[in-house]
Every structure is written in C-alpha cells, then in structure tokens.
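In: Got a predicted structure plus its sequence, pasted below:
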Amino acid sequence: MSSNLAINKEIEEYINNNSIKLHPVQKDIITHNEELGVIKRMQISISQCHFLHLLVKTSKIKKILEIGTFTGLSTLTMSLALPDDGSVVALDKNKKTNEIAVNFFKKAGQENKIKTIIKPALESLKDLKETKQKFDFVFIDADKENNKNYFNQSLDLIDKDGLIIIDNVLWHGEVIDKTKQDKLTVSIREFNSYVNIDKRVENLIIPVGDGLTICRKL
C-alpha cells in the first residue's frame, strides 16, 4: 500500500500553479489578508478554494450557507462557482471584516448572489430554522468551540444527501499531539470524534488546507 504524500510548501505551490486559476478578486483578498498578521490564518487555503469551486460546480449546488465569512475568500470562491440563480447566505458577527468582504463581493460583481447577516451565528441559524430555510451545502469555518452546535443546527437546514463541510479539523496536526491539551485543540479533537460516530451522516476527513471534514446527510 502506498503512503500519503507529505505536502510541503514547494509541492503546494506546484499544485496551485497547475490547478484552476484564481479570479483577480480572490487574489486581492489573499493580498489584503497577508497584511493582517496572525489572524490571516482564518482564511481558507488556495487548495481549498480549488476544492470548493469544483465541489459546487460538479454537485449542482445552488443554495449555500456559510458560517464564518472573515474577509470573504471562501464566500466569493463558492459564489463564483454558482449558477446565475445560485445564492450564498454568509453569517458572521464581525461588522468590520464583513464590510471589507462586501466590498470585495461588489468588486467581483457577485453581490447579487451573496446575502450577509451580521450577528452571532447561532442566533442566525435559529432564525433560518424558524423561517424553514433549506440549503444544499453548509460550510462551517467559524469559532471552533461551537463546531458541534453549528453542525447540529446545520443538519436541520439540509435535506437527505445535503453536504456539510467543516474547516480546520486537523488543526495544524495538533489533533494527534497528545501533549496539546489546550481548550481549542481538545474541542476540535472531540468534535471530530463526535461527527465520526454520528449516525445521521457519513463523513470523510481530507488533508486539504488545514483539514476538511465532509459530511453527507443520510
């Protein structure tokens, strides 16, 4: 049996150079985030951009819910892959970064597909459930301590075969380091175990970016 390839920066750059080309505004967001210091880690990776683009395209997805928008790279990535009648509802509580994201959406001509809601995501999820909203796909990339809550609420917002994807589930490899017992790492580790035994979904962790869990509702 062959082993998995360890992805270093050189290989990642080679992959990106030989994959789907980014939209100019996607590049603008990445450049902007480079100036933000340590919080730029909240941005999805370029390889995740490519993955989400193809997933949305090939799965015929039309309605997307995003939990955690930051400066809009993942939102814009998914919106660009949607058909003209597709839509993204993007949840985030940070008004400042949301304003930055909306400006990028307008620059890319995607503001007609994207609706942003600025308040705590659990409140927004409750509102969406009360109004009986349904989505084809939910992307979760927010505060990791609430992953379980976001996941459970999202299951009520998709039908059978609907998808939920959660980012940062490998947490820079720290999930397997038993010496790492900080609250955040333990939370992610426990969440991964929770999803893996959940009979409502079938799941797969793939080592793209910082790790993505893909769940299909059964």
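Out: Great, that's in hand.
In: What helix or strand is residue 138 located in?
Out: According to DSSP states H and E, residue 138 maps onto strand 135-140.
In: I'd like the next helix or strand past that strand.
Out: From strand 135-140 onward toward the C-terminus, using DSSP H and E, the following helix or strand is helix 147-155.
In: Report the buried residues of the next helix or strand after that following helix.
Out: Next along the chain after helix 147-155, taking DSSP H and E as the criterion, comes strand 158-167. For strand 158-167, burial by neighbour count (16 or more other C-beta atoms under 10 Å) applies to 158, 162, 163, 164, 165, 166, 167. (C-beta placed from N, C-alpha, C; glycine too.)
In: Stretch 180-195 too?
Out: 180, 185, 187, 188, 189, 191, 192, 195.
In: So the fourth one: helix, strand or coil?
Out: When classified by DSSP: H, G, I helix; E, B strand; the rest coil, residue 188 comes out as helix.
In: Now it. Nearest residue, chain neighbours left out?
Out: residue 171 (5.0 Å; C-beta to C-beta, 6 or more residues apart in numbering).
In: Would you mind getting the angle between the strand holding residue 138 and strand 158-167?
Out: Strand 135-140 and strand 158-167 are oriented at 20 degrees to each other (axes from the mean of the first three to the mean of the last three C-alpha atoms, to 10 degrees).
In: Listing partners with orientation, what would you give for strand 135-140?
Out: Paired strands of strand 135-140, with direction, are strand 63-67 (parallel), strand 158-167 (parallel) (DSSP bridges).
In: How far away from the center of its chain is that strand?
Out: 9 Å (C-alpha atoms, centre = their mean, to the nearest Å).
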